[in-house]
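K.L.:
Build me a model from this:
(one chain, ligands or ions: 1)
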Amino acid sequence: MESSYTVADFYEKKFNSRNYLETYYLNHFSQPAIDKLLSFALEKLVKTFSSGPKFRTLLEIGCGPCLHLSLCASEHVEEIVLSDFLSNNRQEIELWLKNDPGAFDWSPITKAVCELEGNRGKWAEKEKKLRDSIKQVVKCDVHQSNPLDPVELEPVDCVMTSYCLEVACKDKAAYHTTLRNVTSLLKPGGVLIMIGVLNETFYMINDQKFPCVTFDQAFLEQTLTEVGYEIEQLEIALNPNKSVDTLADFDASFFLVARKK
Ligand SMILES: C[S@@+](CC[C@H](N)C(=O)[O-])C[C@H]1O[C@@H](n2cnc3c(N)ncnc32)[C@H](O)[C@@H]1O
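P.N.:
Modelled structure (predicted):
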């Protein structure tokens, strides 16, 4: 990429919301590492939300066209704001919120979340509850000091994000800055829930390769501490399928819960 060409420009041109959903949230069974990644995220999210306190406000950063994180949070949060850089991703969410027949079908994942919660029969109620809880779907750019600019949001009780900062950043310095920007949206004492990957250089959507900033666990922990967090939970799942999967080359996925000091 040329230096004047930003990651954001690249996403505007190359990220296809529907292809992303179909690859990672519909056909994920065909790639063991990707399938495991989704199960890992859902299990940890359900466990964390069901064992922790309820939040009044929650913001998801870089949600993409996805609802699986907010599905896991929906029973434990009053108000949810979703945000992503790309208008196509936000439109996918809006289609689902309007119950549009062309919206992506999240029901298999809603059912999986309900099953983890021990309540498989209640999936339609869960989707309704989520539709009622989502108050706004807004643009976000993690490279801005207020990532939601021009929207000014009261600092929230919980920020969630998955696979966003590592793909939005060209290098470790940018990762540090974007984490600081995102943290400004969280109340002191608020909780960050972050899902990501260690030592990934790329992921694929069909034939399109998307680069990532590569970092290890030590860098992650150091950055969180420098930005002002106390790490409460950091779970790492190694990727035993690295050599056979073609969609991404991460060494491990992580699930993190940290509190802003
Ligand atoms: C790999 S997708 C992750 C989507 C979703 N969170 C998930 O778990 O599947 C990366 C997301 O980061 C978003 N993104 C890229 N650059 C961004 C930026 N500068 N600010 C906010 N989001 C950005 C993309 O639009 C995309 O939705």
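
K.L.:
Which strand or helix spans the closest residue to the ligand within the stretch 1-150 of the chain?
P.N.:
Nearest residue of the stretch 1-150 of the chain to the ligand: Gly64, at 2.8 Å (Cβ to the nearest ligand atom). To be clear about C-beta, it is placed using only N, CA and C from the backbone, and glycine gets the same treatment. Secondary structure assigned from DSSP states H and E places Gly64 in neither a helix nor a strand.

K.L.:
Please report phi then psi for it.
P.N.:
Gly64 adopts backbone torsions of phi 60, psi -150, taken as degrees, to the nearest 10.

K.L.:
try Lys129
P.N.:
phi -60, psi -40.

K.L.:
Can you report how many residues neighbour it?
P.N.:
By the criterion of other Cβ atoms under 10 Å, Lys129 has 15 neighbours.

K.L.:
The one 10 residues further on now?
P.N.:
In terms of burial, Lys139 registers 15 neighbours under the definition other Cβ under 10 Å.

K.L.:
now the one 5 residues further on
P.N.:
Using other Cβ under 10 Å, Gln144 has 11 neighbouring residues.

K.L.:
what do you get for Ser30?
P.N.:
The tally of other residues near Ser30 (other Cβ under 10 Å) stands at 10.

K.L.:
now do Gln233
P.N.:
Gln233 sits with 13 neighbouring residues when counted by other Cβ under 10 Å.

K.L.:
Spell out the residue ranges of the strands in the protein.
P.N.:
55-61, 77-84, 134-139, 156-162, 186-198, 202-205, 208-211, 229-238, 252-260 (DSSP state E).

K.L.:
Tabulate those (TSV), appending distance to Phe15 and mean pLDDT.
P.N.:
Formatted as TSV, the strands of the chain follow (distance: least, Cβ to Cβ, whole Å; pLDDT from 0 to 100):
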stretch	distance to Phe15	mean pLDDT
strand 55-61	16	98
strand 77-84	10	98
strand 134-139	14	98
strand 156-162	15	98
strand 186-198	17	98
strand 202-205	7	95
strand 208-211	7	96
strand 229-238	25	97
strand 252-260	20	97
